[in-house]
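**Student:** For reference, the sequence and a predicted model appear below.
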Amino acid sequence: MDGSPASAEGQGPSRLRCLDGGEAPPEIGADLGRLLTLPVEALTRFWQVLAPSLAERLAPETAQLLDAFCAAYRVDGDPLARAVKACRFVIREAARRDLSAAAFGEDVDRLCPGAPVIRELLLAGYEPARAQLRHDIVRAALADHGNLLLGVKWRVDAVQASEQGNRLGTPVAMLTLHYRDGAEMKRLTVQALPDMIGELKGICEAILG
């Protein structure tokens, strides 16, 4: 797929709905246009490197993924990194404002006029990306104001005997709650008898019902 990076040079500033009508940073359109320099094979798999790059905090593995992508498709790392950064910016801002796919596509067209390939490429993964980012936004908002439960691990043991008595044969659930306390990840393990597990089940059904 040939072509030079799309440019808004000579046109008025791009005012984007994902920025509440504000002007886009001047380099965003040109950096998005760098996608047009990627081989077709790389474009078809672009979301493999873009999706992990949308997170608030990038994992160390993300840079390794970009390096592997460049090696696999013989892509220059700098243009790819700039394109990914531009995509990350517009997608995250659009997700923050819960922009529809149609509205997001219009913003991309404003940034890259005459380059429908870029709009189609970004729209291909926009909806699931928006859903994940908004889920992360909710989690972050909750974590800012208290502990946030992130996961539960469990196993079932049996209490057979103790100094309190023999032949007890009572099942007991071990629940380890993983939660976020500010910037820290913590865990708490509790024991629960069958009647409490039944009560928890009823509470969950009431919440979800």
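**Tutor:** Structure received. Nothing here was measured: the structure is a model prediction, and the numbers come from that model.
**Student:** So what's the gap between the strand or helix carrying residue 72 and the chain middle?
**Tutor:** Element membership of residue 72 [criterion: DSSP states H and E] is helix 60-73. In terms of C-alpha atoms, centre = their mean, to the nearest Å, the centre of helix 60-73 is set 18 Å apart from its chain centre.
**Student:** what does the average pLDDT come to for that helix?
**Tutor:** Helix 60-73 comes out with an average pLDDT of 92.
**Student:** So what touches the next helix-or-strand element following it?
**Tutor:** The C-terminal neighbour of helix 60-73 among helices and strands, as given by DSSP H and E, is helix 77-96. Residues from elsewhere that reach helix 77-96 (C-beta atoms under 8 Å, 6 or more residues apart in numbering): 16-19, 24-25, 27-28, 31-32, 34-35, 37-38, 49-50, 53-54, 66-67, 69-70, 103-104, 107-108, 111, 122, 126, 129-130, 133-134, 137. Every C-beta, even on glycine, is put in place using the N, C-alpha and C of the backbone.
**Student:** Show me which of those residues are buried.
**Tutor:** Taking 16 or more other C-beta atoms under 10 Å as the criterion, what is buried in the contacts of helix 77-96 is 16-19, 24, 28, 31-32, 34-35, 37-38, 49-50, 53-54, 66, 69-70, 104, 107-108, 111, 122, 126, 129-130, 133.
**Student:** Narrow those to those in helices?
**Tutor:** Those of the buried ones among the contacts of helix 77-96 mapping onto helices are 28, 31-32, 49-50, 66, 69-70, 104, 107-108, 111, 122, 126, 129-130, 133, per DSSP state H.
**Student:** what helix or strand is residue 152 on?
**Tutor:** Going by DSSP H and E, residue 152 is in strand 148-159.
**Student:** Output that strand as CSV, restricted to C-alpha atoms.
**Tutor:** Only the C-alpha atoms of strand 148-159 are listed here, as CSV (Å, rounded to 0.1, in the frame of the first residue of the first chain):
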residue,chain,number,x,y,z
LEU,A,148,-11.3,-2.2,44.4
LEU,A,149,-11.9,-6.0,44.2
LEU,A,150,-10.0,-7.3,41.1
GLY,A,151,-10.2,-11.1,41.4
VAL,A,152,-11.1,-14.1,43.6
LYS,A,153,-9.2,-17.3,44.0
TRP,A,154,-10.7,-20.2,45.8
ARG,A,155,-10.3,-23.8,46.9
VAL,A,156,-12.3,-26.2,49.1
ASP,A,157,-10.7,-28.0,52.1
ALA,A,158,-12.2,-30.0,54.9
VAL,A,159,-11.8,-29.6,58.6
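**Student:** in it, what's buried?
**Tutor:** residue 148.
**Student:** That one packs against which elements?
**Tutor:** In terms of contacts (3 or more C-beta pairs under 8 Å, 6 or more residues apart in numbering; DSSP states H and E), strand 148-159 is packed against helix 116-143, strand 170-181.
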